[in-house]
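Trainee: Provide a 3D model corresponding to the input given below.
(2 chains)
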2 protein chains.
Amino acid sequence: MSEEAFQDSYPDDVAHCYGCGRLNEHGLHIRSFWDGDETVCRLRPRPYHTAVPGYVYGGLIASLIDCHGTGSAAAAAYRHEGRPPGSEPALRFLTASLRVDYLRPTPLDVTLEARGRIVEVSERKVVVSIRVFADGTETARGEVVAVRAPDDFLKSLKRAR
Amino acid sequence: MSEEAFQDSYPDDVAHCYGCGRLNEHGLHIRSFWDGDETVCRLRPRPYHTAVPGYVYGGLIASLIDCHGTGSAAAAAYRHEGRPPGSEPALRFLTASLRVDYLRPTPLDVTLEARGRIVEVSERKVVVSIRVFADGTETARGEVVAVRAPDDFLKSLKRAR
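Mentor: Residues are numbered from 1 along each chain as shown, chains lettered A, B, ... in the order given. Alright, predicted model coming up:
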């Protein structure tokens, strides 16, 4: 497994995501890595991330799938172009659609592992299929359709800072 | 619009949800109401709920759709049975699947409104279609398939407390 997370290479302008931005001090700090051809991230829910007592809030699982999906999309796009993550021009992806199937209740007191598989890569769009495991048991499954953030949108963020 | 939120009538055992539980002191406290045949809830994102600067984190929108969906499902099931919300036996719904389409970036500095439409109600399952608006502009659209929590699952929560 590589040492630097995908999210570590995001430019500062786009590193404030509540889910995965290293510059969001209130956020979840989701970090994703390659593991062979799959992507992986681990997240320990906080005690208050409850759905019903003892089980993880579905919105947190959706957030995990969302951020691991867009991070995996960016990493896959760089790999597809044969460029190192973070190299210019920056490739940053936004979620166009998110789907989560909750297979069974997810226990709260373990570290979750999300594993991503790149289903499709094109210049404008990456599709990532993600499975979430708690203690080795698959509890949720999702898909993220991520689209490349337009350059003028990214430029408008730089100007706004 | 009625005064009591759907979530206000949840029994204490199932009122700890991070998204909508009135007993979760760290949570978002999402509250949903009838507005005619539609359901509505409003949520003001916190300043740190960012995706990229100035825009709302997709995971928060997914959370809003999730909790408004399960809340709407419970309310629709009570209405379908002609019973007041919170009456016994308790009807509590869990998310089986969640889908969100992000139509455009959602600005961070306004109160969001989610409006739900009950698509299907049966004894075991309710489907809710939800649109999210920021300042009157639809920015996301979602669907929640909610299934009734089995009685033995709810009983196991009571025993665990």
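Trainee: Using CSV, write out every CA atom in the helix or strand of chain A with the lowest mean pLDDT.
Mentor: The helix or strand of chain A with the poorest confidence is helix A:151-160; it has a mean of 78 (mean pLDDT, DSSP states H and E). This file holds the C-alpha atoms of helix A:151-160, laid out as CSV (Å, rounded to 0.1, in the frame of the first residue of the first chain):
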residue,chain,number,x,y,z
ASP,A,151,-11.0,24.2,-15.1
ASP,A,152,-13.0,27.4,-14.9
PHE,A,153,-14.8,26.2,-11.8
LEU,A,154,-11.4,25.4,-10.1
LYS,A,155,-10.1,28.8,-11.2
SER,A,156,-13.1,30.5,-9.7
LEU,A,157,-12.2,28.9,-6.4
LYS,A,158,-8.7,30.2,-6.6
ARG,A,159,-10.0,33.7,-7.2
ALA,A,160,-12.5,33.4,-4.3
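Trainee: A strand includes A:Thr139, no?
Mentor: Yes. Per DSSP: H, G, I helix; E, B strand; the rest coil, A:Thr139 lies within a strand segment.
Trainee: which ones are touching the nearest residue to it once chain neighbours are set aside?
Mentor: The spatial neighbour of A:Thr139 that comes closest, neighbours along the chain excluded (CB to CB, 6 or more residues apart in numbering or on different chains), is A:Thr106 at 4.1 Å. (C-beta placed from N, C-alpha, C; glycine too.) If you count contacts by CB atoms under 8 Å, 6 or more residues apart in numbering or on different chains, A:Thr106 has them with A:55-56, A:61, A:112, A:132, A:134, A:139-140.
Trainee: let's see it at 6 Å
Mentor: Residues near A:Thr106 by CB atoms under 6 Å, 6 or more residues apart in numbering or on different chains: A:56, A:134, A:139.
Trainee: and the gap between the last one and B:Leu98?
Mentor: According to CB to CB, to the nearest Å, A:Thr139 stands 14 Å off from B:Leu98.
Trainee: Compare the two (neighbour count), which wins?
Mentor: B:Leu98 (29 against 19; other CB atoms under 10 Å in any protein chain shown).
Trainee: So for the host helix or strand of the more buried one, what gets flagged as buried?
Mentor: In this structure, B:Leu98 sits in strand B:93-102 according to DSSP states H and E. Using 16 or more other CB atoms under 10 Å in any protein chain shown as the test for burial, strand B:93-102 gives B:93-100, B:102.
Trainee: Just the pLDDT for the closest residue to A:Glu123 other than its chain neighbours.
Mentor: Residue nearest to A:Glu123 in three dimensions, not counting chain neighbours: A:Arg148, with 7.1 Å by CB to CB, 6+ apart. With respect to pLDDT, A:Arg148 scores 95.
Trainee: Verify the stated contact: A:Arg148 with A:Arg124.
Mentor: Yes. Using CB atoms under 6 Å, A:Arg148 makes contact with A:Arg124 at a distance of 5.2 Å.
Trainee: who has more neighbours, the two?
Mentor: A:Arg148 (19 against 11).
Trainee: measure the more buried one to chain B for me?
Mentor: According to CB to the nearest CB, to the nearest Å, A:Arg148 stands 13 Å off from chain B.
Trainee: Distance-wise, check the residue lying closest to A:Leu60 once chain neighbours are set aside relative to A:Ser122.
Mentor: Distances taken as CB to CB, 6+ apart place A:His49 nearest to A:Leu60, at 4.8 Å, with adjacent residues excluded. Per CB to CB, A:His49 is found 35 Å from A:Ser122.
Trainee: Setting aside sequence neighbours, what's the nearest residue to A:Gly59?
Mentor: Closest to A:Gly59 by CB to CB, 6+ apart is B:Ser63, at 3.1 Å.
Trainee: and A:His49 and A:Ser122? which has more neighbours close in?
Mentor: A:His49 (24 against 11).
Trainee: quick one, what contacts that one?
Mentor: A:56-57, A:60, B:18.
Trainee: repeat for A:Thr95
Mentor: A:66, A:70, A:144, A:146, B:58, B:102.
Trainee: rewinding a little: reformat the buried residues of strand B:93-102 as TSV; add pLDDT and distance to A:Asp152.
Mentor: TSV is the format used below for the buried residues of strand B:93-102 (pLDDT from 0 to 100; distance: CB to CB, whole Å):
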residue	pLDDT	distance to A:Asp152
B:Phe93	94	42
B:Leu94	94	42
B:Thr95	97	36
B:Ala96	98	39
B:Ser97	98	35
B:Leu98	98	31
B:Arg99	98	28
B:Val100	98	24
B:Tyr102	98	18
